[in-house]
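Enquirer: Any chance you can model this:
(2 chains)
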Amino acid sequence: MNMLLTGDHAVAYGVKLVKVEVIAAYPITPQTPIYEKLSDLTISGELNARMIRVESEQSAMAACMGASLAGARVFTATASQGLAMMHELLHFAAGDRLPIVMVNVNRSIAAPWSFWSDQTDSLSQRDTGWVQIYSENNQEALDNLIQAYRVAEEVLLPVMVVIEAFLISHTTEPVEMPDPQQVDRYLPPYSGQYRLDVNDPRTIGSTTTQEQYREFRYKMQRDMETVKGVVEKADREFKEIFNRGYGLVEEYQCHDAQMVLVTSGTIAGTARDVVDELRGKGKSVGLVKIRLFRPFPGERIRQALSGASKIAVLDRNVSLGHGGIFCQEVKAALANVVGHAPVFGFLAGVGGCDVSPALLEEVVEYMEKHTQPKEDYIWVR
Amino acid sequence: MKFQLPETDLIYSGHPACPGCGAALALRFALKALGTKVMLVMPACCAVVITGPYPTTCMKVPVFHTAFATAAAVASGLKHGLEAKGDYETTVVGWAGDGGTYDIGFQALSGAVDRNEDFIYVCYDNEGYMNTGIQKSSATPWKAWTGTTPYGKDMPKKDMMEILAAHRIPYAANASVGFPDDLIRKIKKAMSIRGSKFIHILAPCPPGWKSSDHLTVKLARLAVDTKIFPLYEVEAGWNYTINRVPKGLPVEEYLKLQGRYSHLSEQEMRDIQQQVDWEWELLLKKAGMNSG
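Expert: Numbers count the residues shown, from 1 in each chain, chains lettered A, B, ... in the order given. So this is what the prediction gives:
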């Protein structure tokens, strides 16, 4: 069934499809339509879930942790300041190995106040032990959410599905709504095998020695590495049932491309059109879309970029003092590849500024004119 | 009248609490009332140390150690999660010190009781950040020495019971480890009520109060009998009951046993007495009683 939905409402219907049992949330623009729609769905009885209307994002994540400890399937959504406020709890949720799924709507982080799409909020949570999946459009927002529960519950790590302020959250698009019974087949009920149990009393989260702490981190890192395979499997099986799949990274017209644009989220949609346009003009351009950011699919990215003679990474975010974050990660992934192509870092769309086809064509022209980037990162404005 | 404590202990001996620890006594007494169908959520506090380092535990009930500010929020989620899975019987308890209740955990607690979440929130109050080595909290009394108030705290103890009562929660009660019968009765009463319950337990801390470790129970009783920490309960935010008529001993009897007050002048001692008497009169009025 096709529905015309905003990205936020697509997420809310996804929460219904996966039969979340407990939701805890606190309102923040542009996440609020998710929260309000879920309130409608729970009060009408369409979704049999408990809604905890907490007094802060910190408590939203804490309440999700509590409900997950009881063995329930849980959900929350936030954005920007709210995600920053959750920061401590993100570490806790991952360290306690709780399969919480959260949608973060990328929004510029204050100060100054701003409301538009910027990935710096989620990317500054990259070291918390959360899996991060970035969405290009409303359909992916929904599909990524469903897949996220498969991943989280298999590896017992929390997953953040990232969508973008307004470009996805409030933009209406046709969305193919999966059949509920097929979703049930795809995603079995959460077993909650490590939940708190009065018949098997355990103390969770006690103090540890240096060596014990290191072993917990070692196991988290080891399991994080397995996530790439789990995400691929979850995506492959999703495709078998629903005829849609996305991979860890998407390569578009890359096989023979000399110049490759690397990006994520909504910019990828525009870039795909620009690649078609420029190919029509005889330019050898391709696109790599990074969907999985944590764990970082370095091997896949090295493969995708192995034939490129020039690489441009487009970042709708900025790590102040070191440029675009996807660019840093791509450069790090290529660091040990002898003689790899030069990497041009473009800060494009920071603060939600429009990344138009014309702007992307300028990026390509810049690459054509320069054999090497003159600076570590180039502001596009 | 002699009171017989329930014999079953749900906390093993040999735990790493300091000698004379009031917090450990509070935990032991409360668990006698709570029984085995209970889950505890503990934020950063002495109780995390008392339960023991990984992979050991002295607790015979499930415990989750959470972030400092989040006991009430995790307890909220845990209760909803249990009910979502069909368990309506297990009692969920937030178990926090005064720092995790009065200060950093206050917002989450206020939010949770405003939603009337069905849990018991216990604040064992040792009147400071004792786990981090004795720093001032908003539960630290006026003039008490701590590592961050070297000349004594300049503000009075925050009145947490009144704040919780003002939320109009079904049940809020003061208790003391010096009166285990009263404490156990209050925990059991809280278990019989649906909605948010707040139990505030005075738990003397020998290292923090600079008191001798054999005086913990005596101090916990003197706090009540000097009217500094009266035993009372508030139902629905307005129905006050005083559970023990204090002996009305001078506050000096209580204060002189604690090194944290050793610098008090005679005038300051009189000021504290005056303040305590005034607070007591106020409490009597709320309970509809006369000082007689």
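
Enquirer: Excluding sequence neighbours, find me the nearest residue to the residue in the stretch 151-292 of chain B that chain A sits nearest to.
Expert: Minimum separation of the stretch 151-292 of chain B from chain A (C-beta to the nearest C-beta) falls at B:His167, amounting to 12.2 Å. Backbone N, C-alpha and C define where each C-beta goes, glycine included. For B:His167, ignoring the flanking residues on the chain, the nearest one in space by C-beta to C-beta, 6 or more residues apart in numbering or on different chains is B:Val113 at 4.8 Å.

Enquirer: In the biggest helix by length in chain B, which residues are buried?
Expert: Longest helix in chain B, counting residues (DSSP state H): helix B:266-286. Residues B:269, B:272-273, B:276, B:280, B:283-284, B:286 are the ones in helix B:266-286 that count as buried (16 or more other C-beta atoms under 10 Å in any protein chain shown).

Enquirer: end to end, how far does stretch A:271-287 reach?
Expert: Distance between the two ends of stretch A:271-287: 7 Å, counting by C-alpha to C-alpha, to the nearest Å.

Enquirer: Can you list phi and psi of B:Leu78 for me?
Expert: phi -60, psi -40 (degrees, to the nearest 10).

Enquirer: Look up the pLDDT of it for me, please.
Expert: You'll see B:Leu78 listed with a pLDDT of 98.

Enquirer: residue contacts, B:Tyr129?
Expert: Contact partners of B:Tyr129, counting by C-beta atoms under 8 Å, 6 or more residues apart in numbering or on different chains, are B:97, B:99, B:135-137, B:146.

Enquirer: thinking the residue of the stretch 151-292 of chain B closest to chain A is in contact with B:Ala112, fair?
Expert: No: the pair B:His167 / B:Ala112 is not scored as a contact, 9.7 Å apart, by C-beta atoms under 8 Å.

Enquirer: And those two? Which one has more around it.
Expert: B:Ala112 (31 against 16; other C-beta atoms under 10 Å in any protein chain shown).

Enquirer: Assumed that one was part of a helix.
Expert: Yes: B:Ala112 forms part of a helix when assessed by DSSP: H, G, I helix; E, B strand; the rest coil.

Enquirer: Apart from its neighbours in sequence, what residue is nearest the closest residue to chain B within the stretch 251-381 of chain A?
Expert: The stretch 251-381 of chain A approaches chain B most closely through A:Arg294 (21.2 Å), counting by C-beta to the nearest C-beta. Distances taken as C-beta to C-beta, 6+ apart place A:Gln132 nearest to A:Arg294, at 4.3 Å, with adjacent residues excluded.

Enquirer: so what strands line up beside the host helix or strand of the one you found?
Expert: According to DSSP states H and E, A:Gln132 maps onto strand A:131-134. If you go by DSSP bridges, strand A:131-134 pairs up with strand A:159-164 (parallel), strand A:292-294 (antiparallel).

Enquirer: of all the ones you listed, which gets the most neighbours per residue?
Expert: strand A:159-164 (a mean of 29; mean count of other C-beta atoms under 10 Å in any protein chain shown).

Enquirer: tell me the mean pLDDT over it?
Expert: Average pLDDT, strand A:159-164: 98.

Enquirer: same check, this time on stretch A:19-26
Expert: According to the model, stretch A:19-26 has a mean pLDDT of 98.

Enquirer: again, but for stretch A:180-193
Expert: Per-residue scores along stretch A:180-193 average to 96.

Enquirer: starting at the chain centroid, how far to it?
Expert: 22 Å (C-alpha atoms, centre = their mean, to the nearest Å).

Enquirer: Over to stretch B:9-28?
Expert: 15 Å.

Enquirer: which residues make contact with that stretch from outside it?
Expert: Residues external to stretch B:9-28 that are found in contact with it (C-beta under 8 Å, 6+ apart): B:31-32, B:34-36, B:45-47, B:49-53, B:58-61, B:95, B:97, B:122, B:124, B:126, B:177, B:180, B:183, B:201-207, B:211-217, B:220.

Enquirer: ditto for stretch A:349-367
Expert: Contact partners of stretch A:349-367, identified using C-beta under 8 Å, 6+ apart, comprise A:108, A:114-118, A:165-167, A:259, A:261, A:266-267, A:270-271, A:273-274, A:277-278, A:283, A:285, A:310, A:312, A:314-318, A:344, A:346, A:348, A:378-381.

Enquirer: so what's the residue in the stretch 101-250 of chain B positioned nearest to chain A closest to, chain neighbours aside?
Expert: Chain A sits closest to B:Gly111 of the stretch 101-250 of chain B, with a gap of 3.0 Å, by C-beta to the nearest C-beta. The shortest distance from B:Gly111 to any non-neighbouring residue, by C-beta to C-beta, 6+ apart, is to A:Glu55 (3.0 Å).

Enquirer: before we move on, what about B:Tyr232?
Expert: Take B:Tyr232 and drop its neighbours on the chain: the residue closest to it by C-beta to C-beta, 6+ apart is B:Ile242, 4.7 Å away.

Enquirer: residues touching that neighbour, list them.
Expert: B:230-232, B:283-284, B:287, B:289.

Enquirer: Identify, from these, the entry nearest to A:Asn2.
Expert: A:Asn2 has its nearest neighbour among these in B:Tyr232, at 63.2 Å by C-beta to C-beta.

Enquirer: Would you mind listing what in the stretch 201-350 of chain A touches chain B?
Expert: Counting by C-beta under 8 Å from any C-beta of the partner chain, the positions of the stretch 201-350 of chain A adjacent to chain B are A:201-209, A:212.
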